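> What follows is a predicted protein model with its sequence.
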Amino acid sequence: SGAGKNTSLIMPNLLMNSFDGTKIIIDLKGENAAVCSHWREKENKGKSYLLNPWNIFDMPSITYNPFCNINTFEDDFYSDCNSFADVIITVKSGQSDTGENFDELARDFIASFLMYLTIKNYPETPNPATLYDEIIRATASVQVLEFTATDMEGIPHPDQSIKRALELSAITFKGLISTGDNNELRGVKTTISRALKGFKVKQLYNAVQSNKDSSQDLLLKLFREGQNNDLYISFPQSEMNEAKLWLRLVVASFIRDNTKNKPSKPVLFVLDEFPQLGTFNLVKKGIAFLRTYGVQFWIICQNLDQLTTHYGQEGKKEIIENCTVSQFFNIKDDTAIYISEKLDKASKSIQNYNTHEYKSHFERPRKTRAEVEQEKDTFTFIGQNAGFLLRRIPYYEIDSIKHKAFPNPLHHGLEAYQNYISKSKI
């Protein structure tokens, strides 16, 4: 924080257009969108879309339903629903984000209910807010859940494997209430409610109210048709706890789409404050296997310990080793030890003071932890090559791009920003 991450790292790359493809940018505070989203249209080089549910800086916002590509008649219908259930209730180092003991049942409930609602409401597709609403209603009482489970058992579908999956889930749900002990049912309901409660927030409820055609059209524009386009996903940092599931679902839907249909242009996910999204195993796996699809990830963390918290030591190692380029700056924690050890060693001779001869050598880190912490420039590692230092330059000092930037409303004020937009006639 306060190290110039946005102004000297993210914004210059967004304005330089150094990545020739579509970019999906998680944008805390809306600052990146305000400064960097306008140049594409001004220079006729594509379009920038904004998901901005909190109306930051009065920037316009589209809506998008992450479930828009779930198709009850496709072969991956079952795996799509299960994948989203895994995103909603995730696992970190053997524990769930919710800390509850009913995770497997809750995931099965969510996946089965998502299949059930998709079939029942065809051709319309449920969204995360309606999924939350319908689950709460279905678990309002034992009687309502039993009625819903019975309806789920009998719902028609041409694929017998889907019918069987729903029937087995319905039997499981009935089993939860047949013993007369409702503690397990309450535990599952609490786990689901805690995971999905963000969609009680007005802004997030409205953000997913998009019909299937509009949402699928956005996927086409981002990943398959026309020029390179960008999507900024903006929200206040104070709302991160409520917004993180929404963010995971939006990004997960893009990853699922890119996995099923190889994008026709390169794609870069810019995931600022990545660990604050909670455990996101789909990204951890995607960093490695999606590069063959032309999809890349730029993940940004405050420190490496955040990755350990969500993915454990092995998961952190896997993420780091799958990153072709790693950069570190403003290091004030144990990450400095990692940098010191990763730098190549410097040899130093030892003098024998009796004979005044240099007889032996020992290796020491090229920079100690203290020296790493004091370094003002950016440690940069590319592949297995030796690390080197790069100077960070804020976008407003780079002559080749500063003309592309709009006034930053956090520094120049909202009125100056909006006046500039009016004069630009975008």
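Perfect, thanks for sending it.

> Would you confirm that Lys120 contacts Ile155?
Yes - under the criterion of C-beta atoms under 8 Å, Lys120 is in contact with Ile155, at a separation of 6.5 Å. C-betas here are computed from N, CA, C, even on glycine.

> List the buried residues of stretch 48-61.
For stretch 48-61, the neighbour count (16 or more other C-beta atoms under 10 Å) marks 48-54, 56-57, 59, 61 as buried.

> so which of these comes closest to Gly30?
Ile56 (3.4 Å; C-beta to C-beta).

> any chance of the buried residues of stretch 48-61 in TSV, with secondary structure and distance to Asn127 too?
Shown next, in TSV, are these (DSSP: H, G, I helix; E, B strand; the rest coil; distance: C-beta to C-beta, whole Å):
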residue	secondary structure	distance to Asn127
Ser48	strand	24
Tyr49	strand	18
Leu50	strand	19
Leu51	strand	14
Asn52	coil	18
Pro53	coil	13
Trp54	coil	18
Ile56	helix	22
Phe57	helix	26
Met59	coil	22
Ser61	coil	16
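
> Can you lay out those residues as CSV showing distance to Gln302 and pLDDT?
Output for these, formatted as CSV (distance: C-beta to C-beta, whole Å; pLDDT from 0 to 100):
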residue, distance to Gln302, pLDDT
Ser48, 27, 95
Tyr49, 28, 97
Leu50, 25, 97
Leu51, 24, 98
Asn52, 24, 97
Pro53, 24, 97
Trp54, 22, 97
Ile56, 22, 96
Phe57, 25, 95
Met59, 26, 94
Ser61, 27, 96
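
> could you dump the residues you listed to JSON lines with distance to Leu131?
JSON lines is the format used below for the buried residues of stretch 48-61 (distance: C-beta to C-beta, whole Å):
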{"residue": "Ser48", "distance to Leu131": "29"}
{"residue": "Tyr49", "distance to Leu131": "24"}
{"residue": "Leu50", "distance to Leu131": "24"}
{"residue": "Leu51", "distance to Leu131": "19"}
{"residue": "Asn52", "distance to Leu131": "23"}
{"residue": "Pro53", "distance to Leu131": "18"}
{"residue": "Trp54", "distance to Leu131": "22"}
{"residue": "Ile56", "distance to Leu131": "26"}
{"residue": "Phe57", "distance to Leu131": "31"}
{"residue": "Met59", "distance to Leu131": "28"}
{"residue": "Ser61", "distance to Leu131": "22"}
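
> What is the most widely separated pair among those?
Taking C-beta to C-beta, no two of the buried residues of stretch 48-61 sit farther apart than Ser48 and Trp54, at 17.8 Å.

> any weak-confidence spans in the stretch 51-200 of the chain?
Within the stretch 51-200 of the chain, the stretches with pLDDT under 70 are 92-101, 179-181.

> and the residue lying closest to Ile401 once chain neighbours are set aside, how far is that from Trp39?
Ranked by C-beta to C-beta, 6 or more residues apart in numbering and with sequence neighbours excluded, the top spatial neighbour of Ile401 is Leu15, at 4.1 Å. Leu15 sits 7 Å away from Trp39, going by C-beta to C-beta, to the nearest Å.

> what residues are shared contacts of those two?
Taking C-beta atoms under 8 Å, 6 or more residues apart in numbering as the contact rule, Leu15 and Trp39 both touch 404-405.

> May I ask you to confirm that Leu218 is in contact with Tyr49?
Yes - using C-beta under 8 Å, Leu218 is in contact with Tyr49, at 6.8 Å.

> hey, what's in contact with both of the two?
Counting by C-beta under 8 Å, 6+ apart, the contacts common to Leu218 and Tyr49 are 62, 231.

> What backbone torsions are found at the nearest residue to Trp39 once chain neighbours are set aside?
Spatially, and ignoring its direct neighbours in sequence, Trp39 is nearest to Lys404 (4.0 Å; C-beta to C-beta, 6+ apart). As for Lys404, its main-chain torsions (degrees, to the nearest 10) stand at phi -80, psi -20.

> now swap in Val208 and tell me
Torsion angles, degrees, to the nearest 10, at Val208: phi -100, psi 10.

> Contact partners for it?
Contacts for Val208 were tallied using C-beta under 8 Å, 6+ apart; they are 63-66, 127-129, 199, 246.

> Return the subset of those residues lying in helices.
Under the assignment DSSP state H, the contacts of Val208 contribute 128-129, 246 to helices.

> which stretch of helix or strand covers Phe381?
Assessed by DSSP states H and E, Phe381 sits inside strand 378-382.

> Provide a list of residues in contact with the nearest residue to Lys332 once chain neighbours are set aside.
Distances taken as C-beta to C-beta, 6+ apart put Glu373 closest to Lys332, at 6.1 Å, once the chain neighbours are dropped. Shown in contact with Glu373 (C-beta under 8 Å, 6+ apart): 331-332, 336.

> Okay, and Glu373 sits in which element?
Glu373 is part of helix 369-374 when elements are defined by DSSP H and E.

> List the buried residues in that helix.
369, 372-373.

> mind saving the C-alpha coords of stretch 134-144 as CSV?
Taking Å, rounded to 0.1, in the frame of the first residue of the first chain, the C-alpha atoms of stretch 134-144 are listed here in CSV:
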residue,chain,number,x,y,z
GLU,A,134,-34.5,-20.0,-4.1
ILE,A,135,-32.2,-22.0,-1.8
ILE,A,136,-33.3,-19.9,1.2
ARG,A,137,-37.0,-20.4,0.3
ALA,A,138,-36.5,-24.2,-0.3
THR,A,139,-34.9,-24.6,3.1
ALA,A,140,-37.4,-22.4,5.0
SER,A,141,-39.0,-25.5,6.6
VAL,A,142,-38.7,-29.3,6.5
GLN,A,143,-42.0,-29.4,4.6
VAL,A,144,-40.9,-27.1,1.9
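
> and stretch 59-66, how far from the chain's centre?
16 Å (C-alpha atoms, centre = their mean, to the nearest Å).

> and what of stretch 167-181?
34 Å.

> Likewise for stretch 226-236?
With C-alpha atoms, centre = their mean, you get 13 Å for stretch 226-236.

> Next, the distance between the ends of it.
Counting by C-alpha to C-alpha, to the nearest Å, you get 31 Å between the two ends of stretch 226-236.
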